[in-house]
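>>> What would the 3D arrangement of this be:
(one chain, ligands or ions: 1)
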Amino acid sequence: MDRILNRAKHIKGEINVSADKSISHRAIILSALANGDSQITNLLKAEDTDSTCRCFSQMGISIKQQGNKLAVSGKGLQGLKEPESILDCGNSGTTMRLLCGLLSGQQFFSVLAGDKSLSRRPMSRVIQPLRLMGAEITGRNNSKYAPLAIKGSKLHGISYQSPVASAQVKTALLLAGLNAEGATIISEKTPTRDHTERMLAAMGADLVVDSKEIRLYPGRDLEPQDFLVPGDISSAAFFLVLASIVPGSELMIRNVGINPTRDGIIEALKLMGAKLNIENQRVFGGETVADIVVSSAELKAVNIEGDMIPRLIDELPVLAVAMAAAQGRSTVKNAEELRVKETDRINAIVIELEKMGVDIIEQPDGFIVTGSRDNLKATEVDSWGDHRIAMSLAVAAQVCHGETKISNSQAVSISFPEFWDLLAQITS
Ligand code: S3P
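Residues are numbered from 1 along each chain as shown. From the prediction side, this is the model:
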């Protein structure tokens, strides 16, 4: 579907963004594994989380909407039933990789499949360490890609450091570790999002986390919870950049999760001179949440690399838009992981921003942007079917003179179905 957007005069108002996608997936999965009924308030309702819910319904888990809550009847660590047909993970890498870990230790056969984009994403990063734990998984093209066939088996814990900084790999191993014999020990060269560790600890798992490693000892049942999902900082990021680059703007974004493993976008924008005020900071459901007030600012260039990358990996496409509107030469390095997301996001954002007249050069592990205020041209661009590319281009369109046409704009429903309505609500 095409969407036509015009330059914004300014951005004003107060919004709540959609619920955190990473936490929502984990809340569904861990609730299904708990001994009894959990409730999830403010679960993300989007295509990716629908995929996770559908997979668990197929494995005998009752998931019911009760008012504004989702009730999930957990069946315990070994209570899932063999699905009668393939588990369709749609576009969701998180669903596929996390289920790969969980299903390796369930005593039944299952097949995980996904859409065209997901079928091209690397799966050996989870399959290899899971095989070291005793998992029996095979996949297309020498077990590199989905569809994946899993024959549940008896697992044993391992000590592992992933060559890629990935919370999905870490979580897949922890989910496998819940049903393994002996401890599962994971160390990370660069810390990645830690929602799983926080949630498992709250549910009573035997888990020790220190600065060097995560150790999970099996044997304890998971206690059901009342989960409360905060707003997604990865969704808030589009509006943080938007209100920063459109002159005369002021926007309040309420209830945003600002977990320190996820708040790189706040740090990066502040380094660029953005005016962000973090207010009303509080902790709920084990996660720090705040309201963020953002007003427009003259942004300057910044260099982003190293340990910062996993803290803002999903926000890099929209950060490229901020860089395009900032004065000077910005760089992003060490972000090769962006090439194996829903699309090759380095290539996608470079090609689409170039169409808008941005001086952006593709690098193997990132990009170089020479920005200046008011240099973006309205034109026809494409989301490549990637939700975060669609929303990044929509932000860029707000500072272009004239009419921008975005094709495949429906992709936003993967993580943020209300994006277009919210954008219209605060734009004049
Ligand atoms: C996610 C981890 C990240 C992130 C993805 C969600 C998660 O992926 O990009 O959108 O929920 O664990 P990687 O684990 O591949 O870095």
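>>> ok, which stretches of the stretch 1-150 of the chain are helices?
For the stretch 1-150 of the chain, helices defined by DSSP state H, counting those that start in this stretch occupy the ranges 21-33, 47-58, 93-104, 124-132, 140-143.
>>> Not counting its neighbours along the chain, what's nearest E352?
Nearest non-adjacent residue to E352, counting by C-beta to C-beta, 6 or more residues apart in numbering: V381, 4.6 Å away. C-beta here means a position set from N, CA and C on the backbone, and glycine is covered the same way.
>>> Near the one you found, how many residues? Count them for me, please.
Neighbours of V381 under the rule other C-beta atoms under 10 Å: 26.
>>> Quick check: it is in a helix.
No. According to DSSP: H, G, I helix; E, B strand; the rest coil, the state of V381 is strand, so it is not within a helix.
>>> what does the stretch 101-250 of the chain put close to the ligand?
S166, A167, Q168, T171, R193 (C-beta under 6 Å from any ligand atom).
>>> before we move on, the earlier item: with distance to G286 and mean neighbour count added, can I get the helices of the stretch 1-150 of the chain in TSV?
Shown next, in TSV, are the helices of the stretch 1-150 of the chain (distance: least, C-beta to C-beta, whole Å; neighbours: other C-beta atoms under 10 Å):
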stretch	distance to G286	mean neighbour count
helix 21-33	10	26
helix 47-58	19	21
helix 93-104	19	27
helix 124-132	25	20
helix 140-143	35	12
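>>> Distance to N179 for those helices - can I get that in TSV?
Compiled in TSV, those are given as follows (distance: least, C-beta to C-beta, whole Å):
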stretch	distance to N179
helix 21-33	9
helix 47-58	16
helix 93-104	8
helix 124-132	12
helix 140-143	21
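>>> want to throw these into a markdown table with mean pLDDT?
Compiled in a markdown table, these are given as follows (pLDDT from 0 to 100):
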| stretch | mean pLDDT |
| --- | --- |
| helix 21-33 | 98 |
| helix 47-58 | 98 |
| helix 93-104 | 98 |
| helix 124-132 | 98 |
| helix 140-143 | 98 |
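>>> Among those helices, which comes closest to E362?
Distance to E362, taken as C-beta to C-beta, is lowest for helix 93-104 among those, at 22.6 Å.
>>> so how far does stretch 157-170 reach from one end to the other?
For stretch 157-170, the first-to-last residue distance is 13 Å (C-alpha to C-alpha, to the nearest Å).
>>> what comes up buried for that stretch?
Neighbour-count burial for stretch 157-170 flags G157, I158, Y160, S162, A165, S166, A167, Q168, V169, K170 (criterion: 16 or more other C-beta atoms under 10 Å).
>>> do the same with stretch 318-337
318-326, 330-335, 337.
>>> measure V208 to I15 for me?
From V208 across to I15, the span is 39 Å (C-beta to C-beta, to the nearest Å).
>>> actually L112, not the one I wrote
In terms of C-beta to C-beta, L112 sits 35 Å off from I15.
>>> Bridge partners for the residue nearest to E352, pull those for me.
With DSSP bridges as the criterion, V381 is bridged to I406.
>>> cool, E136 as well?
Note on E136: beta-bridge partners K151, judged by DSSP bridges.
>>> Tell me the confidence at it?
E136 carries a pLDDT value of 98.
>>> Was I right to think it contacts I150?
Yes. Shown here, E136 and I150 form a contact pair, counting by C-beta atoms under 8 Å, at 7.0 Å.
>>> What strands flank the helix or strand bottoming out on mean pLDDT in the chain, and is each parallel or antiparallel?
Ranked by mean pLDDT, DSSP states H and E, the weakest helix or strand in the chain is strand 63-66, scoring a mean of 94. The pairing partners recorded for strand 63-66 under DSSP bridges are strand 69-75 (antiparallel).
>>> relative to helix 21-33, how tilted is the strand it pairs with?
Here strand 69-75 runs at an angle of 40 degrees relative to helix 21-33 (axes from the mean of the first three to the mean of the last three C-alpha atoms, to 10 degrees).
>>> And strand 69-75, what's buried?
K69, L70, V72, S73, G74, K75.
>>> Got the confidence number for the first one?
Yep, that's K69 we're talking about. K69 is assigned a predicted lDDT (pLDDT) of 94.
>>> Against Q225, how distant is it?
12 Å.
>>> And the helices of the stretch 1-150 of the chain: which comes nearest A396?
Each of the helices of the stretch 1-150 of the chain has some distance to A396 by C-beta to C-beta; the shortest is helix 21-33, at 22.3 Å.
>>> what angle separates that closest one from helix 47-58?
Using the same axes, to 10 degrees: helix 21-33 against helix 47-58 is 10 degrees.
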